[in-house]
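Engineer: Quick one, fold the following:
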Amino acid sequence: MTALVGRIGIGVVFIAHGWQKVAEWGLDGTAQAFQGMGVPMPTLSAWFAAIVELVGGAMLVAGAALPVVGVLLALNMAGALVLVHLPNGLTGQGGYELVLALGVAALALGFNGGDLSVDRLVRSRRAPARASA
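Structural biologist: Got it, this is the predicted structure:
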């Protein structure tokens with residue numbers, strides 16, 4: 001149950017950040033912001049970040065494809081940390097504490113997502129079929 005609570009909490013934060021990039025700023029606005037921050041390939045990076053955060057956050061909540069989602073979200077946060085936040089230090093304006101916490105949490109939950117997940121449900125439904133084959 002605690003993994004589910006963790007997945008919901010972290011997933012909702014990722015969904016909110018992805019939604020912000022798509023609906024509030026727009027992908028063109030996000031790409032412009034990324035360009036101003038020195039992010040390479042800002043348009044592609046904006047699309048990647050928005051999709052990974054929005055879809056990955058939802059999949060994290062559901063517990064679907066957890067290892068893949070955890071790694072993608074962690075890589076997204078690693079990029080944000082290295083390319084944008086690292087020079088600002090750990091805490092304070094623009095610091096990397098949030099992206100570090102989100103990336104590490106996504107990775108941990110991706111590989112320890114708990115019993116209440118779509119992944120577990122799919123595995124349990126496949127197990128009897130393999131045993132009888």
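
Engineer: for the closest residue in space to residue 117 that isn't next to it in sequence, what are its contacts?
Structural biologist: Nearest residue to residue 117, sequence neighbours excluded (C-beta to C-beta, 6 or more residues apart in numbering): residue 63, at 2.4 Å. Yep, even glycine has a C-beta here, placed from its N, CA and C like the rest. If a contact means C-beta atoms under 8 Å, 6 or more residues apart in numbering, then residue 63 has 4, 7, 113, 114, 116, 117, 118, 119, 120 as its contacts.

Engineer: switch to 6 Å and redo it
Structural biologist: 113, 117, 118, 119 (C-beta atoms under 6 Å, 6 or more residues apart in numbering).

Engineer: do residue 14 as well
Structural biologist: By C-beta under 6 Å, 6+ apart, the neighbours of residue 14 are 53, 57.

Engineer: Against residue 53, how distant is it?
Structural biologist: Distance, residue 14 to residue 53, by C-beta to C-beta, to the nearest Å: 5 Å.

Engineer: Equivalent analysis for residue 1, please.
Structural biologist: Counting by C-beta to C-beta - residue 1 and residue 53 are separated by 25 Å.

Engineer: ok, the two, which is more surrounded?
Structural biologist: Legend: neighbour count by other C-beta atoms under 10 Å for residue 1 and residue 53, higher for residue 53 (26 against 8).
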